[in-house]
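Visitor: give me a 3D structure for the following:
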Amino acid sequence: MNKIEALKALQYGKKLTHHWFSPNEWVIEDQGKYIFEDGCQCHDFEFWADRTDESWNRGWSIFNE
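Guide: Numbers count the residues shown, from 1 in each chain. The predicted structure follows:
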């Protein structure tokens with residue numbers, strides 16, 4: 001899925017992964033914060049501030065546990 005679809009999925013509580021993530025890496029959104037599998041958290045704007053490359057606009061998918 002693309003970035004716009006991923007942002008909507010995160011808003012609906014979906015757990016996502018990206019093709020740049022490791023196999024067990026995922027992210028969810030909770031009240032404007034992104035929470036990762038290792039417990040790290042950041043604001044959504046912080047996450048996207050460092051991910052402006054075109055490759056982050058595609059390659060998203062639902063994380064399968």
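Visitor: from now on I want contacts and neighbour counts done on CA atoms only, so please keep to that.
Guide: OK.
Visitor: all strands of this protein, in order?
Guide: Assigned by DSSP state E, the strands in the chain fall at 16-18, 27-30, 33-36, 41-43, 60-62.
Visitor: Glu5 is nearest to which of those strands?
Guide: Across the strands of the chain, Glu5 has its closest neighbour in strand 60-62 (8.4 Å, CA to CA).
Visitor: so which of the strands of the chain comes closest to Met1?
Guide: Nearest of the strands of the chain (CA to CA): strand 60-62, 4.9 Å.
Visitor: tell me the buried residues in stretch 27-37?
Guide: Buried residues in stretch 27-37, counted by 16 or more other CA atoms under 10 Å: Val27, Ile28, Glu29, Lys33, Tyr34, Ile35, Phe36.
Visitor: just the closest of these to Arg58, please.
Guide: Val27 (15.3 Å).
Visitor: could you dump the buried residues of stretch 27-37 to a markdown table with distance to Phe47?
Guide: Formatted as a markdown table, those follow (distance: CA to CA, whole Å):
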| residue | distance to Phe47 |
| --- | --- |
| Val27 | 11 |
| Ile28 | 12 |
| Glu29 | 11 |
| Lys33 | 9 |
| Tyr34 | 8 |
| Ile35 | 11 |
| Phe36 | 11 |
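Visitor: state the pLDDT value of the one residue sitting closest to the centre of the chain.
Guide: Centrality entry for the chain: nearest residue to the mean C-alpha point is Val27, 4.7 Å, by CA atoms, centre = their mean. On the pLDDT scale, Val27 is placed at 98.
Visitor: ok, the residue nearest to Lys33 when sequence neighbours are not counted to Ile35 distance?
Guide: Residue nearest to Lys33 in three dimensions, not counting chain neighbours: His43, with 4.3 Å by CA to CA, 6 or more residues apart in numbering. Distance, His43 to Ile35, using CA to CA, to the nearest Å: 9 Å.
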